[in-house]
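Visitor: Structure for this input, please:
(chains A, B and C)
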Amino acid sequence: MVWVDIVALLAVAQLAFFSMLVGAARTRTRVQAPATTGHPEFERYYRVQMNTLELVPALLVGLYLSAKYWSPAWAAGLGAVYLLGRFVYLAGYVKDPARRGPGFGLSFGPISVLVVGALVSIARGLLHG
Amino acid sequence: MVWVDIVALLAVAQLAFFSMLVGAARTRTRVQAPATTGHPEFERYYRVQMNTLELVPALLVGLYLSAKYWSPAWAAGLGAVYLLGRFVYLAGYVKDPARRGPGFGLSFGPISVLVVGALVSIARGLLHG
Amino acid sequence: MVWVDIVALLAVAQLAFFSMLVGAARTRTRVQAPATTGHPEFERYYRVQMNTLELVPALLVGLYLSAKYWSPAWAAGLGAVYLLGRFVYLAGYVKDPARRGPGFGLSFGPISVLVVGALVSIARGLLHG
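Guide: Numbers count the residues shown, from 1 in each chain, chains lettered A, B, ... in the order given. This is a model prediction of the structure:
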């Protein structure tokens, strides 16, 4: 279970790191708060952060409930793939928003497996008592 | 408690489904990433997703802590109302942003009861030891 | 542990309160949904809410895992500093976005300590068995 906790901590640390990249891009591109548009480079970093924020609740719920009902090892492993996938997403998006697909798949994919895996395990448990 | 876990999983699955609707609206309305404005239809789907994202932390914390301190059955039941309320919110908002009120109430309401219910149960426990 | 749960509930209640301030600012400044730009006052409240939403996952994960691996008392205490810091952030940002720094530090700081504290405690546990 400790590996599941490590993945959860690294996922929120990664999100905080992406926020810092947004802050740095804000300074560099002189997009003044409260604006979140006005320079394409800033907007790319901002969308990376927002898209990651959109995924974090599903990652955390999927992670802990698949660990509880299915397998802590699978949960932690899929969580590690998610962490990697988010870095691929960042690298692709910042280069060109049209290249955000692979990194998105590599992070949305493991989350889907975690959430569906937990639901299927729960359903099996309810059926077979 | 298993019903509380099922509600949590369905809530993040619903959020992921709303993200997919945003993705589909992006393709349909040709709003190119990283933009999140530029077409009213896209903006409606995007706001449905963002508003749901804004509520999910309160839902999850309220759900689990009202299950812990108050009642798992009430927690799961109110969580089910939230899930329904979010679909009503989606249907209303996409038709006309001015019609987002009832769905908002039907999802913000149960969250408020969950969070206040947990706080009141904790306060009672601390007072009556 | 009950104090950790109280902090978690207050953190999501605070986020919901910030959402209500956004709703009130929307009415006052007549920024019609789905727009989230168009009036500087509205945009300030909206950014306060969004920035808080960006921090909540790290707060919650850091709070519970530092309580588990490090110290529930430190976790609850740092969480209380975060809650205060967010009100300072709100007050500063609404007056002038350039004054958002101190409140940001007072809320991002405790979260960093929680997340790093949990990771260090886990690392110590793994090393010293």
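
Visitor: Tell me how far the closest residue to A:Arg30 other than its chain neighbours lies from chain C.
Guide: Setting aside the residues directly before and after it, A:Arg30 is nearest to A:His39 in space (Cβ to Cβ, 6 or more residues apart in numbering or on different chains), at 7.5 Å. C-beta here means a position set from N, CA and C on the backbone, and glycine is covered the same way. As judged by Cβ to the nearest Cβ, to the nearest Å, A:His39 and chain C stand 15 Å apart.

Visitor: what about A:His39, neighbour count?
Guide: Close neighbours of A:His39, defined as other Cβ atoms under 10 Å in any protein chain shown, add up to 16.

Visitor: In contact with it, which residues?
Guide: A:Thr29, A:Arg30, A:Val31 (Cβ atoms under 8 Å, 6 or more residues apart in numbering or on different chains).

Visitor: For those, which PyMOL command selects only the ones that are buried?
Guide: Of the contacts of A:His39, the buried ones go into a single PyMOL selection, burial set by 16 or more other Cβ atoms under 10 Å in any protein chain shown:
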select buried, chain A and resi 31
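
Visitor: Okay, and which of the contacts of A:His39 map to helices?
Guide: Among the contacts of A:His39, the members found in helices (DSSP state H) are A:Thr29.

Visitor: Would you format the contacts of A:His39 as TSV with distance to A:Gly105 and pLDDT included?
Guide: Formatted as TSV, these follow (distance: Cβ to Cβ, whole Å; pLDDT from 0 to 100):
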residue	distance to A:Gly105	pLDDT
A:Thr29	28	96
A:Arg30	34	95
A:Val31	29	95
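
Visitor: Quick one: list the elements packing against the helix ranked longest in chain A.
Guide: For chain A, the helix with the greatest residue count under DSSP H is helix A:40-69. Packing partners of helix A:40-69 (3 or more Cβ pairs under 8 Å, 6 or more residues apart in numbering or on different chains; DSSP states H and E): helix A:2-29, helix A:72-95, helix A:101-128, helix B:2-29, helix B:40-69, helix C:40-69.

Visitor: Show me what counts as buried in it.
Guide: Taking 16+ other Cβ under 10 Å as the criterion, helix A:40-69 shows A:42-69 as buried.

Visitor: likewise stretch A:10-20?
Guide: For stretch A:10-20, the neighbour count (16+ other Cβ under 10 Å) marks A:Leu10, A:Ala11, A:Val12, A:Ala13, A:Gln14, A:Leu15, A:Ala16, A:Phe18, A:Ser19 as buried.
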